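Asks: predicted coordinates and the sequence they were generated for:
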Amino acid sequence: MKLSHWTMTTLAATLVLGLAGASLTRAADAPAAPATATVGTITGKVVDKDNNPVKGATVQAYTVGDRAAQKKPEALGKSTTTMEDGTFKLEAVPTGKVSVRATMEKLIGRTKEPVEVTADKETKLTDPIAIAPKKARGGNAGGGDTGGAAAK
């Protein structure tokens, strides 16, 4: 069987276009490249002055030096509550240096800073955040203690 030049050209073009279409279909079906991570996780523990775990404390992350954010957890949008054993996990915290503050009613809040958050990694606070009862009206009832962290 002898095929004409036109038939051979048509078959070759059909084959090339078919292969190109299959490649494009596979490329469209392929998963997208993962986005670059710009957030990380912070884990730690909150304890009282006797080193007992504190359940129900609020823990928040905010930009280092942003003292006004201590009263508004939406500053970075990252806030959580400690579990029965005093542990916490703050997820999707923006990368970079942040402050981590633990507070609870009738207790003096404490801040750990700076805490370096790395993209797509868990940053574990090695020392617990210790919060203490507020002192009588004559003492420091303001709760401005930074828990031994360097004040900025």
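Replies: All right, it came through fine.
Asks: the helices in the protein, which residues?
Replies: Along the chain, counting by DSSP state H, helices occupy 5-29.
Asks: could you chop it up by domain?
Replies: 1-30, 39-133 (automatic domain parsing).
Asks: rank those by pLDDT, which is bottom?
Replies: Lowest mean pLDDT within the domains of the chain: domain 1-30, a mean of 55.
Asks: could you pick out the longest strand of this structure?
Replies: Looking across the chain with DSSP state E, the single longest strand is strand 107-117.
Asks: can you give me the strands for the protein?
Replies: Going by DSSP E, the chain shows strands at 39-47, 58-63, 78-81, 87-94, 96-104, 107-117, 122-124, 129-130, 132-133.
Asks: which other helices and strands contact the fifth one?
Replies: Which is strand 96-104. Judged by 3 or more C-beta pairs under 8 Å, 6 or more residues apart in numbering; DSSP states H and E, strand 96-104 is in contact with strand 39-47, strand 58-63, strand 107-117. Backbone N, C-alpha and C define where each C-beta goes, glycine included.
Asks: tilt between the last one and strand 39-47?
Replies: Per axes from the mean of the first three to the mean of the last three C-alpha atoms, to 10 degrees, the angle that strand 107-117 makes with strand 39-47 is 150 degrees.
Asks: send me strand 107-117 as PDB with only the CA atoms.
Replies: Coordinates of each C-alpha in strand 107-117 appear next as PDB, following Å, rounded to 0.1, in the frame of the first residue of the first chain:
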ATOM      1  CA  LEU A 107      -2.400  36.800  87.200                       C
ATOM      2  CA  ILE A 108       0.400  39.000  86.000                       C
ATOM      3  CA  GLY A 109       1.100  38.400  82.300                       C
ATOM      4  CA  ARG A 110       4.600  37.600  81.200                       C
ATOM      5  CA  THR A 111       6.200  38.000  77.800                       C
ATOM      6  CA  LYS A 112       9.000  36.000  76.100                       C
ATOM      7  CA  GLU A 113      10.900  38.000  73.400                       C
ATOM      8  CA  PRO A 114      12.300  37.800  70.900                       C
ATOM      9  CA  VAL A 115      11.100  34.500  69.600                       C
ATOM     10  CA  GLU A 116      12.400  33.700  66.100                       C
ATOM     11  CA  VAL A 117       9.700  32.000  63.900                       C
END
